[in-house]
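J.: Take a look and give me a structure for this.
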Amino acid sequence: MIQRFNVAPANMYRVAGNNQVLYTPVVAVQTGDHVHIYVSGRTSRLLDGSLAGEGDMRAQLRLTCENVGKALAGVGATFADVVRTNTYATDLDAYYRCVDERAKFFTDPLPTSTVVGVTRLAMPGMLVEIEVEAIIEPERLRVEG
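T.: Model prediction:
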């Protein structure tokens, strides 16, 4: 049997453009022997939806990773459970100058990783966005929010 849980952790932003709820921040899909976790693209947005670290790739990368961590914790997962990342950056040179910030969060075991340069993200001023997939055991699943 497959169960799906749409999760919006209380300690992270929930809205997209025009303060509308347009997506689920975290979806957990449980089968008999594992839970596959999908975390939508996290950015450096604060709880009220405002953007932090405008113009500062390092600050945005740090807060983005913190927001990924909050999303994972909302279902009982950690960075060690992440198996895949997709990162979108508006300036790849700036991203790679600050990639050591990301390395503070994504440590062994390292997930697969794709990095894509884009001309713009969802809000003006956003420099980086990271989405992840993780896998955990069913007994660890915690549904928050």
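
J.: So which bits of the longest helix belonging to the chain are buried?
T.: Counting residues, the longest helix found in the chain (DSSP state H) is helix 57-73. Neighbour-count burial for helix 57-73 flags 57-65, 67-73 (criterion: 16 or more other Cβ atoms under 10 Å). (C-beta placed from N, C-alpha, C; glycine too.)

J.: Run through who's touching it.
T.: 9, 11-13, 25-26, 37, 39-40, 42-45, 52-54, 78-79, 81-82, 89, 91, 94-95, 97-99, 101-102, 104-106, 126-130, 132, 134, 144 (Cβ atoms under 8 Å, 6 or more residues apart in numbering).

J.: quick revisit: of the buried residues of helix 57-73, just say which sits nearest to R4.
T.: Ranked by distance to R4 (Cβ to Cβ), the buried residues of helix 57-73 are led by A71 at 16.2 Å.

J.: re the thing from before, now the helix or strand just after the longest helix of the chain - C-alpha only, PDB.
T.: Of the helices and strands lying after helix 57-73 in sequence (DSSP states H and E), the nearest is strand 82-89. The C-alpha trace of strand 82-89 is given here as PDB (Å, rounded to 0.1, in the frame of the first residue of the first chain):
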ATOM      1  CA  VAL A  82      19.200  13.000   1.100                       C
ATOM      2  CA  VAL A  83      20.000  11.000  -2.100                       C
ATOM      3  CA  ARG A  84      19.500  13.700  -4.700                       C
ATOM      4  CA  THR A  85      19.800  17.500  -5.000                       C
ATOM      5  CA  ASN A  86      18.900  19.900  -7.800                       C
ATOM      6  CA  THR A  87      20.400  23.400  -7.400                       C
ATOM      7  CA  TYR A  88      19.400  26.400  -9.500                       C
ATOM      8  CA  ALA A  89      21.700  29.500  -9.300                       C
END
